[in-house]
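Visitor: A structural model of the following input is requested.
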Amino acid sequence: MRPEDLRGIIRERLARWGGGLGPTLRQAWEALWHRLRLDQDYFGHPLALPVLELPLWQFQGDPRVRARGEDAMLDAAESAAAGYLHVRIQDDLLDEGTAAGDAGQLMLAEALGARHQRLCMQLAGGAAAFASLFEARWTAYAEAMALDSALGASDGVIDRATEAVLLQRTAPLVLPAAALAAPVAPETLGPLDTIVTRLAAAHQLVTDAIDVEKDLRNGNQSLVLARMGAEHGADHVRRALYVEGGLDRIHAEARAELEAARDRAPLAGVPGLAQWVDQRIAVMERVRAEAFRALFAQLVT
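Guide: Now for the predicted structure:
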């Protein structure tokens with residue numbers, strides 16, 4: 001199965017799930033569906049994390065997982081989508097004020113979280129190691145989101161210790177693939193967890209680099225702004241990023257994280273990750289080149 005085919009199947013599954021909600025939650029679901037354009041290839045954005053692909057790679061790469069059947073893989077991918085949308089709603093409510101005060105959106109996030117959990121636990125079949133991982137990763141996520149919200153209301157600097165906590169916002173991404181593998185390949189849980197940590201770090205660095213100007217305008221904090229000395233002002237950040245080689249260092253760091261994830265792919269039973277990493281590095285290089293072209297265009301106009 002190709003990733004684009006999987007995304008189409010999961011889109012249909014999500015639509016059926018949303019259609020079965022009660023009238024108030026269904027209204028909130030329809031609003032989310034239209035706001036995020038879920039009828040389009042939402043999970044296929046060139047800079048998206050491999051939310052649905054991780055279970056697919058597990059299924060394709062490990063014969064023990066493949067023996068569980070394609071429906072199990074589809075359940076894991078649907079769980080991944082539901083968990084991601086649960087996080088997306090919370091992130092929008094906390095960071096951007098989207099649908100602020102809308103109890104329907106808040107409760108929709110809870111319903112999506114319940115769907116994610118039910119499918120994960122069903123797949124894991126009561127594996128104790130997975131249950132511990134599930135609790136640990138969602139608790140780490142909650143701490144990261146709480147810290148992120150607190151930082152947004154303060155002038156605190158993001159140091160490396162703070163950064164490590166904030167990166168746990170992506171920690172639950174590992175869970176659907178881990179649930180799929182837990183009953184038959186429990187030794188892959190650790191490498192999978194490490195891969196997600198590496199992917200999250202690379203993803204955050206690249207997206208923060210893209211959002212530098214927006215974050216400077218809005219007074220936001222980010223990993224990249226912290227690296228570039230944002231406390232010294234916007235001009236200092238731009239000089240550090242574009243003149244003093246900061247953008248190159250950020251991309252080199254992100255590339256190293258991606259390559260470290262690729263190195264662990266065989267241990268996690270996800271060989272499909274290698275090609276995805278190569279494609280992501282190529283996308284990063286194009287984004288980096290476009291950033292410099294945009295800068296030079298501003299300088300000559």
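Visitor: what's Pro183 in contact with, if anything?
Guide: 68, 123-125, 127 (C-beta atoms under 8 Å, 6 or more residues apart in numbering). To be clear about C-beta, it is placed using only N, CA and C from the backbone, and glycine gets the same treatment.
Visitor: give me that answer again for 6 Å
Guide: Neighbour list for Pro183: 125, 127 [criterion: C-beta atoms under 6 Å, 6 or more residues apart in numbering].
Visitor: cool, and Ile250?
Guide: 205, 209, 224.
Visitor: try it again at 10 Å.
Guide: For Ile250, the contacting residues are 205-206, 208-209, 212, 223-224, 227-228, 241, 284, 288, by C-beta atoms under 10 Å, 6 or more residues apart in numbering.
Visitor: format those as CSV; extra columns: neighbour count.
Guide: Below are those laid out as CSV (neighbours: other C-beta atoms under 10 Å):
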residue, neighbour count
Leu205, 24
Val206, 24
Asp208, 21
Ala209, 24
Val212, 24
Leu223, 21
Val224, 26
Arg227, 21
Met228, 26
Leu241, 23
Met284, 20
Arg288, 18
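Visitor: which among those gets closest to Asp75?
Guide: Asp75 has its nearest neighbour among those in Val206, at 30.2 Å by C-beta to C-beta.
Visitor: quick one, what contacts the nearest residue to the closest one once chain neighbours are set aside?
Guide: Sequence neighbours aside, Ala254 is the residue nearest to Val206 in space, at 5.2 Å (criterion: C-beta to C-beta, 6 or more residues apart in numbering). Counting by C-beta under 10 Å, 6+ apart, Ala254 touches 198, 201-209, 280-281, 284, 288.
Visitor: which among these gets closest to Gln105?
Guide: Distance to Gln105, by C-beta to C-beta, is smallest for Thr207 among the contacts of Ala254, at 22.9 Å.
Visitor: ok, now how distant is Leu21 from Met107?
Guide: Distance, Leu21 to Met107, using C-beta to C-beta, to the nearest Å: 10 Å.
Visitor: which neighbours do those two share?
Guide: With C-beta under 10 Å, 6+ apart, Leu21 and Met107 have common neighbours Ala28.
Visitor: next, Gly125: phi, psi?
Guide: phi 60, psi 30 (degrees, to the nearest 10).
Visitor: low-confidence ranges in the stretch 1-150 of the chain?
Guide: Low-confidence regions of the stretch 1-150 of the chain, defined here as pLDDT under 70, cover residues 96-101.
Visitor: mind running it again at 50?
Guide: Counting by pLDDT under 50, the stretch 1-150 of the chain contains low-confidence ranges at 100.
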